[in-house]
Every structure is written in structure tokens, then in C-alpha cells.
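>>> When you get a sec, could you give me coordinates for this:
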Amino acid sequence: MSVTAYLEVAEGDTLGALQSFLGRLLTEDIVDALLVPQKLPAGDNVAPALIEDPAKLSGVDPLAPVMPVAAATALSKVTATEHGERLAAVLRSCELRAVIELVKLQQAGLEDVILIGVDCLGTYEVRDYARLIEAGVDPTAELLAGAAEGQLTAHEGYQFRAACRMCEKPVPGGPDVYRPDITIGLLGLDPGKQILIEASDDLAEKLGLEADAGQVGNLSTKREEFIERLIAERTAERDKMFAAFRERVTGVDGLLAEFSTCIRCYNCMGACPICYCKECIFRTPTFDHASPQYFRWAERKGSIRLPTDTLLFHLTRLNHMSTSCVGCGLCESACPSELPVALIFRAVGQETQAIFDYHPGRSLEEEVPVATFREDELTDLGEAPR
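Purely as a prediction, here's the structure:
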């Protein structure tokens, strides 16, 4: 069971109210540390920070509409092995789902970890967020105002990251999304006045949260309507982008054309929270071919592209993690050639996830298809039953 309550925000200071709430987890000895986005000194970006001193929370900003790295990867680093600390981690929906996948892949642990999910208002590319800050714009304030007015739109002349424009799962604990221990709700409310806090019974008691049944009922309806409309808009944009991709990519040649400007920098792999292998086959001597091999290929085909194996690299990545792709889009954000990597992986991921009826990040009980074998799992695709 859980308790739904509302935090009153003084003088429109939404961020201050959240900082105070998160600080109580430390000062009331509920956790030893917080993993939460923190503003960098220049003020034009944020990064996950592990904080134990409540005095350091003044720079925390879990609402900043920018996501330079995957917080799921940071959580993996601090929980993959025994650590003996009580931790609370603040995560967007895609980060939360990535954490659940990493736990099932034994790359992260949830022992003594409180997961805090926060509504995602959308995110800008890092460079765009930095430009807005430099121009004196407060992107967070703009989006909080949009949340209150029932409309989330990017600043004029800018757009949200492609992954956010087609994200149909912006809310922790929403459809096909794992329900965290604490949910921080902003959508459909007036965050300048109130913030929704939903917490498990034991945490609500420790934090002194009490539900107001009348208020909860009225605001919940407005919030549900807002979220339903937002999901419908994002789903329509997703389907539009997927349809355009599938129309132009009908085979291997079309897929190769999508990666024609790939420079094999491996940034997409490094940014992906699901690509966790400590040793990737593409970074081993396996693909350091002997010099005569290149000439043999060139003789057989007439010409070969260098470096070789570009398409194989992406196909291998798709094979390994498309069923667990949570659509965070960090692969695309990291690409220096601005390839639509997020779109490609999400479109392919939709197909592979449908085959196995699998929703990444929905439940800890659902087995990851790539790590599971069933003799009859492909009979629906035409494989003869054994």
C-alpha cells in the first residue's frame, strides 16, 4: 500500500521544496546518501552526484530538463558490489526502467536502495540546454509553468531530444513502468504551489506524510487527464517517426544507408546504460584483421569500406540489447554524426519486444529475453515445435 500526499510549495520555489524534501531523507537518518542530479559549477549542465552532506543539497536539481549521462549507469557503479550503505536514487522514468533491467542482468543491486521516480517534463540536448542558460532562459521554470497550464512545449526555436518527443512512458509507475518506492509528481499540477508525493506506507510514516482524501481526489483527476493527453501526443509522434523509418528502411541496404556517416567511435555504446559488457568484442583483437584479409575482401567484392564491420557492430548491439532498450536516447545524443540511433533502436526494439511480449523496466519478475531460453519461444515465427 502507499500514501499519496501533497507538499506545499512556498513562494513558488518548487526546487527548494524538493531539496528540502530530499534533505529529510538524510537528516532523519532514512538513508546515508542520495544519488541525484546536481548543477555543475558553470550552471549550464547537471550530472549525477552521490551526496552524504545535507549542506550540499543546495545545488541539487532533479528537474533540470537535460540528461547528459544515464543515472542508471551511475547507480550500477555504486550498487553492483556490496557497499553497506543506505541509498536513495532520484530517476526519470527511462532511467528507472534501465535500473530495473540492470538489476535483472545482475549489474546493479537494490538492497537498501530507495528508488525515487520523478515525472519527466522533457529534456534538451546538452548543447541546447547550455545555450538557453547562457541566454538567460530558465528552462526548468518554463516547463514547470507548462505543467501547471497543461501543455509541455520546448522553448521557441528549440526542441526536445528525439527520445523525449516519442516517449510514451514519462511517468514513474505509469503504464508498463516499475512503481518506485517514492513518486514525485509534477504533471497536471501547479508545481509552483504543490508537488505530489506518493510513498510506500513505511516511508510515508517515516517522512510524516499524510493524505488529504478530498484534495487527492480532485487533483488526481486533473493529473490523470494531463498524463493521458501527453501519452497520446507522444505515442502519435512515435508512430509517425517509426512509420517514416520503416518506409525508407526495407532491408539491409537501407539499414546500411542509415549508418552511412557512422565513424565507429563507439560513443553510442558507451552512452547506453544497457551496454554494460566490461569487454566488448569490438574492442578486442577479433576485429583487428591481418592486413592480407582486407585485400582478399577487396578482390572478392571489388571494393570494401574502411573501417569494416560497421553494420555488424550496430546489428550486434541490436541483437544484445534491443529487448531491453528503454528509449533513453543517450546513444543518439552521444553521436557526433547526429545519426538517428535512438529512432533505429526504438523502432527495432518495438518489434523484438513484441515478439517476446516483453516490456523493459516494467517488473523485476519478468525475465530478460536475451538471458532466457525456451524451446518453444519462436514457434510463433514459424519455427517447427519440438
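
>>> only C-alpha atoms for contact and neighbour calcs from this point on.
OK.

>>> Name the residues linked to Val46 by a beta bridge.
On the basis of DSSP bridges, Val46 takes part in beta bridges with Lys39.

>>> how near is Arg346 to Leu339?
The gap separating Arg346 from Leu339 is 13 Å, by C-alpha to C-alpha, to the nearest Å.

>>> who's more crowded, these two?
Using other C-alpha atoms under 10 Å as the criterion, Arg346 and Leu339 rank with Arg346 on top: 24 against 19.

>>> Check what pLDDT the more buried one gets.
In the predicted model, Arg346 carries a pLDDT score of 94.

>>> Is it part of a helix or strand, or is it coil?
Following DSSP: H, G, I helix; E, B strand; the rest coil, the label given to Arg346 is helix.

>>> so where's the stretch 251-386 of the chain uncertain?
Within the stretch 251-386 of the chain, the set of residues satisfying pLDDT under 70 comprises 373-386.

>>> Please repeat the previous calculation with a cut-off of 90.
Applying pLDDT under 90 to the stretch 251-386 of the chain flags residues 251-257, 260, 264, 275-289, 304-312, 318-321, 369-386.

>>> Helices along that one, start to end?
Using DSSP state H, counting those that start in this stretch, the helices of the stretch 251-386 of the chain run over 252-258, 267-271, 291-301, 310-321, 330-333, 341-355.

>>> Tabulate those (TSV), appending distance to Gly150.
Output for those, formatted as TSV (distance: least, C-alpha to C-alpha, whole Å):
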stretch	distance to Gly150
helix 252-258	36
helix 267-271	32
helix 291-301	57
helix 310-321	35
helix 330-333	27
helix 341-355	27
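
>>> What separation do you get for the residue most central in space within the chain and Ala148?
Centroid check for the chain by C-alpha atoms, centre = their mean gives Cys94 as the closest residue, at 2.6 Å. Remark: distance between Cys94 and Ala148 (C-alpha to C-alpha) = 23 Å.

>>> go on, His83?
His83 sits 40 Å away from Ala148, going by C-alpha to C-alpha.

>>> which one of the two has more residues nearby?
A count of neighbours by other C-alpha under 10 Å puts Ala148 above the other of His83 and Ala148, at 19 against 12.

>>> so what's the more buried one closest to, chain neighbours aside?
Setting aside the residues directly before and after it, Ala148 is nearest to Asp190 in space (C-alpha to C-alpha, 6 or more residues apart in numbering), at 4.2 Å.

>>> now do Val103
Spatially, and ignoring its direct neighbours in sequence, Val103 is nearest to Gly109 (5.7 Å; C-alpha to C-alpha, 6+ apart).
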